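In: the following comprises the amino acid sequence and a computationally predicted model.
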Amino acid sequence: MIIRFGYVSTAISLWEASPSRTLTFTRYQKMSKAERTDKLLAVTHENLKSTERMVHYNIAHEIPLYRFSSSIAPLATHPEVKWDFVTPFRDQWREIGRLVRAKGIRTSFHPNQYTLFTSPRPEVSDNAVIDMEYHYRMLEAMGLENEGVINIHIGGAYGNKEETILRFHENLRKLPFEIKQRMTLENDDKTYTGDETLAACQKEDIPFVFDYHHHMANLGTMELEKLLELGFATWERIGLRPKIHISSPKTEKAFRSHADYVDADFILPLIDVLRSLGQDVDFMIEAKRKDQAALNLVEDLSKIRGVKRIGGATLQWK
């Protein structure tokens, strides 16, 4: 069994490399038209430059998974701003995509918690479509629209989970086909269990991203081995190995909060099940220390008897 590791958005080991610099709408409103354009271009340029630095960092450290920041282009989905964030930076976008493809890095996006299709308010689903389109346009700009994925949660229950999940399936019809083909769904830590999320994935033919920490905070009824086995089957359509989100609790009291690093002991029961299934997987590390947490976990697990480190962030279990 082989497990590859990656991290989210920002390599904190790099100096001044945030790919998520922002421009608030309040500040934007106070600017002249020329200042607005200049600022949007300047912030996006810096975010793209940082993103490219991150990709080079991943290549140097042999980190094969990376989740792009959702905040590369500020105010790109704001109804009063919407602007062309692709054309002025076409070369930068393409270069990032070229590097990713050349080195076989697996990439993704994860829109925020407001991108959901469960709300009874139609405008919320309409805005979710806009946000999904924004993320898809970034994949297109990099030439990764047939490789990257866009991951979201199902959303809230709104007092009636059965009615809400029906509304989720109905609202999802608003999403353009090509975008839906690249989306994934993840179980959450409070509302939709792994069982429920898997059922939605199976119905919509969407890959299931299993979050182990969320699962432990919000258990379903299905045995973990069966849940994983059925979940892995949902990845067959797009031809990617299954992805699992990994983090560990900050404290017992703050169980849902992510710790700075991943406690290897917390995830060893999951690894034991994966070994029994003989399934290669990818681990996306969601700990606070990001790249450092990912590499630290690789180091910790590589010390286990029978585990061989075969890359900077890739391990093999005998």
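Out: Arrived safely, thanks for sending.
In: for the spatially most central residue of the chain, which non-adjacent residue is closest in space?
Out: Note on the chain: the residue nearest the mean C-alpha position is residue 110, at 3.9 Å, using CA atoms, centre = their mean. Leaving out its chain neighbours, the residue that sits closest to residue 110 by CB to CB, 6 or more residues apart in numbering is residue 151, at 4.8 Å. In short, each C-beta sits where N, CA and C put it, glycine included.
In: can you confirm the one you found is in a strand?
Out: Yes: using DSSP: H, G, I helix; E, B strand; the rest coil, the secondary structure at residue 151 is a strand.
In: show me what it is bridged to.
Out: Taking DSSP bridges as the rule, residue 151 bridges to residue 184.
In: do residue 8 as well
Out: residue 67.
In: that one and residue 69, how far apart?
Out: From residue 8 over to residue 69 the distance is 8 Å, taken as CB to CB, to the nearest Å.
In: between the two, who's got more neighbours?
Out: Remark: of residue 8 and residue 69, residue 8 carries more neighbours, 23 against 20, as counted by other CB atoms under 10 Å.
In: what is the neighbour count of residue 241?
Out: A count of nearby residues for residue 241, using other CB under 10 Å, gives 14.
In: which residues touch it?
Out: Residue 241 is in contact with 235, 280-282, counting by CB atoms under 8 Å, 6 or more residues apart in numbering.
In: so which residues make contact with the host helix or strand of residue 293?
Out: Using DSSP states H and E, residue 293 sits in helix 290-302. Identification of contacts with helix 290-302 by CB under 8 Å, 6+ apart yields 5-13, 57, 61, 63, 246, 260-262, 264, 271, 283, 285, 287, 289, 307-309, 312-315.
In: just those: which are in helices?
Out: Among these, the members falling in helices are 57, 264, 271 (criterion: DSSP state H).
In: which of these tops the neighbour count?
Out: residue 271 (20 neighbours).
In: ok, now which ones touch it?
Out: Residues near residue 271 by CB under 8 Å, 6+ apart: 3, 301, 317.
In: hmm, try it at 6 Å
Out: If you count contacts by CB atoms under 6 Å, 6 or more residues apart in numbering, residue 271 has none.
In: now do the one 4 residues further on
Out: Neighbouring residues of residue 275 by CB under 6 Å, 6+ apart: 1, 317.
In: hang on, it in a helix?
Out: Yes: assessed by three-state DSSP, residue 275 belongs to a helix.
In: okay, it: pLDDT?
Out: Note for residue 275: predicted pLDDT of 96.
In: now, of the contacts of helix 290-302, which are buried?
Out: By the neighbour-count criterion of 16 or more other CB atoms under 10 Å, the contacts of helix 290-302 include these buried positions: 5-11, 57, 61, 63, 246, 261-262, 264, 271, 283, 285, 287, 289, 307, 312-315.
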